[in-house]
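Participant: can you look at this prediction? I've put the sequence above it.
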Amino acid sequence: MTLEATLRGIVGSPYVMRGGNLPAYEIDWRKRYRGQARVVVRPASTAETAAVVRACAEAGAPIVVQGGNTGLVGGSVPDGSGRQVLLHLGRLNRVRSIDAANLTMTVEAGCLLQAVQEAAAAKDLLFPLSLAAEGSCTIGGNLATNAGGTQVLRYGNARELCLGLEVVTSTGEVWDGLAGLRKDNTGYDLRDLFIGSEGTLGIITAATLRLYPQPTTVTTALASVEWLDSAVDFLGLAQARLGAGLTGFEVMNRFSLDLVRQHFPQLQQPLPGSPWTVLLEQSASDDAEQAAQRFEDLLALAFERGLVSDAAVAASIEQSRNMWHLRESIPLAQSLEGLNIKHDISVPISRIPAFVRNTDELLERAVPGVRLVDFGHLGDGNLHYNVQAPVDMPADRFLAERESEVNRIVYDAVMAHGGSISAEHGIGALKREELAQRKSPVALGMMRAIKQALDPQGLLNPGRLL
Ligand code: FAD
C-alpha cells in the first residue's frame, strides 16, 4: 500500500490532499517561502496523529508540522522537493477541560489562540498570551515557537504559561505530560525541551495552560516620546509606579505609524506624529478609581520629568482597542508596503537606545535612503527592527542585492550589544545559517545531541532550526 493510501485509511480520505496546488498550506504568511507537499494530512485526534507519524516513520517520509501557518521564519511550509508530508493540526481543536480551582485549562494543539482566550474568559479567567495573529495562530504553534506577544512583561512567554504537554514522538509514541503541576522535580524538564523546538523534536498535540484571574480595570494610553532613552526611563518609572499592574509597554517609531496611516487611513491616530510613540497598559484588580489615579499620577510625573510630550488615555474599551489595533496593524502595513528584511531581536533594555542609534547610522551609511520600521515590546527588550527598501528601489531587488549585508550589520550590532538574533519568532529556515554561525559551538553541540536522541531518523521538520 502507498503511504498516501495508508494515511487515507488513518484519517479518512477527505483529510488527505495531494500537494502541489494548495497555497494556504504551501506558502508562508509573508509569501517568502513556497513549497510543495507530498500530501497534506489532517488528523482529528492524538491517536490519529500518532498513527500518521508511525506510517511516515515506516516509509521514511519527512514531516513538516503546521498549525495556523502564521510563523514568520519559514518553519511551517514544506520545501520544494515534493517529498515532505505536511501534518496540519487544525482539526485538533477541542478545549478538553478547564480547572478553575487549579487555574489551568487543557486544550488541543490546533485550538486558535483567540478561541483559548475566549474559553478562559467565559469562565471569568484570563489566558494572557496575546499577539496580532491570535485569530489565526494555534496554541500548538505558539508553544512550538515559544511565542511572546504584548503581555510578556507581566505574564511571560508561552513557556511560562504552559504547565504541561502531550507530545507525539518521532516514532509515533504518545507522551502524556499534561498533569498541570506547578511543582514536579522528577528529572529533566521534557516540557521545556519541546517548547520552542519548532516541531523538530516532537509534535505537540495538547497542552495544559496556566490561567489568571481577569483584571477588573484595564487602562490604555499612547504617549509621545522624543528619544528612545526617554522611553526607557519612562518604562522604569512605569514599573516603579504600577508594579505588576504594568502589563504592556510597546514602542513604535514614526515611520511604522506613518505606514499604518498610509495603508489604514480609517484607523484613528489620536496623537500627532512624534519620533517615538509608547503604548502602555495597566491591568489592575483593586478599586477602579485608585487604579485610574495611579495611572494619571504616572503620566503627570512623566510629563514633569520631560520624558513624555503628549499623551492620550483611552476613555472607552473601543478607544483602547483602537490603540492596540494601531500597534497590531504595523506588520500588515509593512507587508502592504512591500517585502522587507525583518529582524526580531532582543538586547538588554538598557542598551536598546544605543543599539538603535548605532545600527540606524550604519544602515543609513550602507544604504542611503533606507527606511526603518522599528517597533516592538520595549518592556521585554524585544524590537522588530525591520529594514524597508529606499522609496526608489523595488523591494525584490533590495532583498536580492542587500539582504545579507543588512543582516550582517544588524546581527553584528545585536551581538556587540549582548543580544539575541531571535527574540520570539524562532529560527525556522530563515535564520538557520545565522544560528549556526552565531550560537556557541558548545550550545549547538548539545542541541544536535538532543535532536539525534529524539529524532534519530531526522524526519521532523528537516532543514529548520538546526
Ligand atoms: P505555524 O506558523 O503553523 O508554525 C510555526 C512553527 O511551529 C513551525 O516550525 C511549525 O512546524 C511548528 N509547529 C506548529 N504547530 C506545532 C505543533 N503542534 N507541534 C510542534 N510544532 C508545531 N510571534 C510572537 O512571538 N509575538 C508576536 O507578537 C507575534 N506577532 C505576530 C503578528 C503577525 C501579524 C503574524 C503573522 C505573526 C506574529 N508572530 C508573533 C509570529 C508567531 O510565531 C506566530 O503567530 C505563532 O506563534 C505561530 O503559530 P502558528 O499556529 O501559526 O504556527
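Facilitator: Nice, thanks for sending it over. Numbering: from 1, shown residues only.

Participant: spell out the residue ranges of the helices in the stretch 51-200 of the chain.
Facilitator: 113-122, 139-144, 152-155, 190-194 (DSSP state H, counting those that start in this stretch).

Participant: and the longest one, what does it pack onto?
Facilitator: Using 3 or more CB pairs under 8 Å, 6 or more residues apart in numbering; DSSP states H and E as the contact test, the elements touching helix 113-122 are strand 95-99, strand 104-108, helix 139-144. Yep, even glycine has a C-beta here, placed from its N, CA and C like the rest.

Participant: the ligand contacts on this structure?
Facilitator: Proximity of the chain to the ligand, by CB under 6 Å from any ligand atom, involves residues 29, 65-72, 75-76, 89, 109, 131-133, 137-138, 140-142, 144-145, 147-149, 198-199, 203-204, 331, 424-425, 428, 461, 464.

Participant: list the buried residues of the lowest-mean-pLDDT helix or strand in the chain.
Facilitator: Least confident helix or strand, the chain: helix 330-337 with a mean of 92, by mean pLDDT, DSSP states H and E. Neighbour-count burial for helix 330-337, with 16 or more other CB atoms under 10 Å as criterion, is recorded at 330-331, 333-335, 337.

Participant: can you pull the contacts of residue 311?
Facilitator: Applying CB atoms under 8 Å, 6 or more residues apart in numbering, one finds that residue 311 lies in contact with 221-224, 271, 299, 302-303.

Participant: recalculate using a threshold of 10 Å.
Facilitator: 221-225, 270-271, 277-278, 280, 299-300, 302-303 (CB atoms under 10 Å, 6 or more residues apart in numbering).

Participant: any figure for the gap between it and the ligand?
Facilitator: Residue 311 sits 24 Å away from the ligand when distances are taken as CB to the nearest ligand atom, to the nearest Å.

Participant: once you drop chain neighbours, what's closest to that residue?
Facilitator: residue 223 (4.3 Å; CB to CB, 6 or more residues apart in numbering).

Participant: what pLDDT does residue 180 get?
Facilitator: Looking at residue 180, its pLDDT is 88.

Participant: does it touch residue 206 like I think?
Facilitator: No - between residue 180 and residue 206 there is no contact under CB atoms under 10 Å: 11.3 Å.

Participant: residues in contact with the residue in the stretch 301-450 of the chain positioned nearest to the ligand?
Facilitator: Relative to the ligand, the nearest point of the stretch 301-450 of the chain is residue 424 (3.4 Å; CB to the nearest ligand atom). Residues in contact with residue 424, defined by CB under 10 Å, 6+ apart, are 72, 131, 145-149, 152, 157-158, 196, 344-346, 376-377, 380, 382, 384.

Participant: point me to the helix or strand that includes the nearest residue to residue 55 once chain neighbours are set aside.
Facilitator: Nearest residue to residue 55, sequence neighbours excluded (CB to CB, 6+ apart): residue 6, at 4.7 Å. If you go by DSSP states H and E, residue 6 is part of helix 3-11.

Participant: distance between that helix and the chain's centre?
Facilitator: 33 Å (CA atoms, centre = their mean, to the nearest Å).

Participant: how much space between residue 51 and residue 61?
Facilitator: To residue 61, residue 51 is 14 Å away according to CB to CB, to the nearest Å.
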